[in-house]
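1. Provided below are the primary sequence and the corresponding predicted coordinates.
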Amino acid sequence: MVLYDLISRNIKIKKRNFVALGCISGLANALVLALINNVAENISDINRENHILYYLILFSLTIAIYGFTQQRLMTKAARTVEKAIAGLRVELFECVRYTELSTLEKIGKERIFNTLSKELQTISQSAQLFVIIGQSITLVFFTSLYIAYHSFVAFLVVSVLIMLGASIHRLRANEIQKNMKLSFESENMLIHRLSDLLDGFKEVKLSNPRADDLENEFIADSTRAKNAKTTTQTLFATDFVLSQITFFAATGAMVFIVPLLSNVYTDVVIKVTTASLFLIGPITSIVGGIPIYTTASEAANNVLDLENELKLASQKAQKQGAKGPSEIGTFEEIKLEGAYYQHHRPEGERPFFVGPVDLTIKPGQITFVTGGNGSGKTTFIRMLTGLYELQAGQILLNGRAITNNEQDLYRSLFTAVFSDFHLFKQLYGIRVGSQQEIDDWLVFLEMNTKVSVENSEFSTVDLSTGQRKRLALLSTILENRPIYIFDEWAADQDPIFRRKFYEQVLPKLKERGNTVIAITHDDAYFHLADVHLKMVEGQLMEHNMAGSEGVSS
Ligand SMILES: Nc1ncnc2c1ncn2[C@@H]1O[C@H](COP(=O)(O)OP(=O)(O)OP(=O)(O)O)[C@@H](O)[C@H]1O
């Protein structure tokens, strides 16, 4: 039912309409059987009394009703499921958007990609299945009634055997589910290996041993996925064959057992046997649909699991519960008091933490943060910008602690070019003042001969790493937020532009009233900073006082 719950969660399913259409369509289908049986049995009487045209019209009408209701049912189901999927897609996108960075790092990109693409597609493909299974159940019901009408004993025999067939599947449901989970996990790993191949294509091309290792891992994951899927399919196939055998046993029972258990006439035996043969279509649809239904249910479980994990650490619930303020005031001072964050680590590994940090940031200052690799500079920046939720301590803006509802607004004080930056071709969320302003900055950043900005979009982003970083810088400049974060921005620049960055860009930002916090290793420019902080093993201190007096405690 998890599949139904997921689909019906955000859209109102008019169950009565579905049930009515399903019943009419199932009844019409069963009527076809009754009509054929009746005409076949009484063909000479009907011909004699010239009633054949009447039966033909009735037969055509029944087929027309079946065709119309079936078509309506399938269209309605497809529309309903696709509407639900469209809503779910946006909901999951929003969950990712509102979740915390640390949660995203824990979940991993692969699982999100896999769930948002493959799993939702699997659910979408199951739309028609609902109708076919529902309609088949209706048909089995009416046909069983038809059998019961002619012979109650035959009805009992069919019912017992159908229930027996259904319980075969239930017995192995756990094993099927276990293998489906395994294949989902293996597929996540396959996406991970494929990302390694595509993102690291150049490195892979340069090294055959690396390519071989990567391929071997890919093959191992692919084999695991294949084995899990083969086991699942084998279980389904055995179920299918057993169900078919049960069905044949039911039909055989009509001629071999029913006459022994009750005094029925030959014509009754023929009728109930024909009726049980008529069941082959719907029963095959139900049994054949079980693998698709089970796969779709498992996909629904995966979607719900991901959504729950994303929501757990997200602020979405708070956002829905209480609307946050629309503004947070101008930035006059940011104060970190006892700020502390520890990275999640597998058990047994030494944890890394930054803090406690006590620090005050004033507007218009240029602050440099230096320190060795892995000392915690990026972690500190993520704490300061609110990208990592503090595990202890607090952030005060203008003397007042930031509440959960204000996190979004607090984060919007910052704009950043991270060391692993992403350059958006489209200037999402940036309302550009004038074309002249953009063109002036393009000239200043020496990018005017390479790129233009039209309709809030860069003409190209297929550029060198240093050039792409200049465009990322331009995006932040156009965004014009109070505080600028640069994580080793100048590392990819040539010496001339590096100088320009420190001696012209940063002072220009300061002149505009912006605050700059830059992680840097460029000691030739340390003198340009108003404040110089140094990170050592997660402890932040004033550079000149390293070892004696620090801002961490
Ligand atoms: N996503 C993460 N999950 C778990 N641990 C992490 C994660 N990111 C960083 N760490 C740990 O935190 C430590 C500090 O990382 P951080 O990126 O803050 O250092 P850094 O000073 O910016 O280094 P670099 O100069 O190399 O960029 C690392 O040694 C690593 O052990």
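-> The structure has been received and is ready for your questions. Numbers count the residues shown, from 1 in each chain.

2. The ligand contacts on the stretch 1-150 of the chain?
-> Applying CB under 6 Å from any ligand atom, we find that the stretch 1-150 of the chain lies next to the ligand at residue 105. From N, CA and C alone the C-beta is placed, and that goes for glycine too.

3. do the stretch 351-500 of the chain as well
-> 352, 371, 373-379.

4. Narrow those to those in strands?
-> Among those, DSSP state E puts residue 371 in strands.

5. could you list every residue that touches residue 433?
-> By CB atoms under 8 Å, 6 or more residues apart in numbering, the contact set of residue 433 is residue 478.

6. Can I take it that it is in a strand?
-> No: counting by DSSP: H, G, I helix; E, B strand; the rest coil, one finds residue 433 to be coil, located in no strand.

7. Any idea which residue is closest to the centre of this protein?
-> Central residue of the chain (CA atoms, centre = their mean): residue 116, 2.9 Å from the mean position.

8. Wait, residue 239 touches residue 171, no?
-> No: checked against CB atoms under 8 Å, the pair residue 239 and residue 171 is beyond contact range at 9.2 Å.

9. Show me which of these two is the more surrounded one.
-> residue 239 (21 against 9; other CB atoms under 10 Å).

10. How far away from the center of its chain is the helix or strand where that one lies?
-> Here residue 239 sits within helix 208-256, counting by DSSP states H and E. Relative to the centre of its chain, helix 208-256 is centred 26 Å away, using CA atoms, centre = their mean, to the nearest Å.

11. And stretch 443-462, by the same measure?
-> 33 Å.

12. Check the model's average confidence along it for me.
-> If you average the pLDDT over stretch 443-462, you get 90.

13. Stretch 84-101 now?
-> 86.

14. got the CA coordinates for that stretch in CSV?
-> Extracted in CSV, the C-alpha atoms of stretch 84-101 (Å, rounded to 0.1, in the frame of the first residue of the first chain):
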residue,chain,number,x,y,z
ALA,A,84,1.5,12.6,-8.4
ILE,A,85,5.0,12.0,-9.8
ALA,A,86,5.4,15.6,-11.0
GLY,A,87,4.5,16.7,-7.5
LEU,A,88,6.9,14.2,-5.9
ARG,A,89,9.7,15.3,-8.1
VAL,A,90,9.3,19.0,-7.1
GLU,A,91,8.9,17.9,-3.4
LEU,A,92,12.1,15.9,-3.5
PHE,A,93,13.9,18.8,-5.2
GLU,A,94,12.7,21.1,-2.5
CYS,A,95,13.7,18.6,0.2
VAL,A,96,17.3,18.6,-1.2
ARG,A,97,17.1,22.4,-1.5
TYR,A,98,16.1,22.8,2.2
THR,A,99,18.2,20.1,3.7
GLU,A,100,21.5,20.7,5.5
LEU,A,101,24.8,20.4,3.7
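
15. Residue 226 and the ligand: what is the separation?
-> 32 Å (CB to the nearest ligand atom, to the nearest Å).

16. Kindly confirm my reading that residue 485 is in a strand.
-> Yes: with three-state DSSP as the criterion, residue 485 is part of a strand.

17. mind listing what residue 492 touches?
-> Residue 492 touches 465-466, 469, counting by CB under 8 Å, 6+ apart.

18. Among those, which ones are in helices?
-> Mapping the contacts of residue 492 onto helices (DSSP state H) picks out 465-466, 469.

19. pLDDT score assigned to the residue nearest to the centre of the chain?
-> With respect to pLDDT, residue 116 scores 86.

20. Find the nearest non-adjacent residue to it, please.
-> Excluding the flanking residues, the one nearest residue 116 by CB to CB, 6 or more residues apart in numbering is residue 92, at 5.7 Å.

21. and what of residue 194?
-> That would be residue 218: by CB to CB, 6+ apart, it lies 7.6 Å from residue 194.
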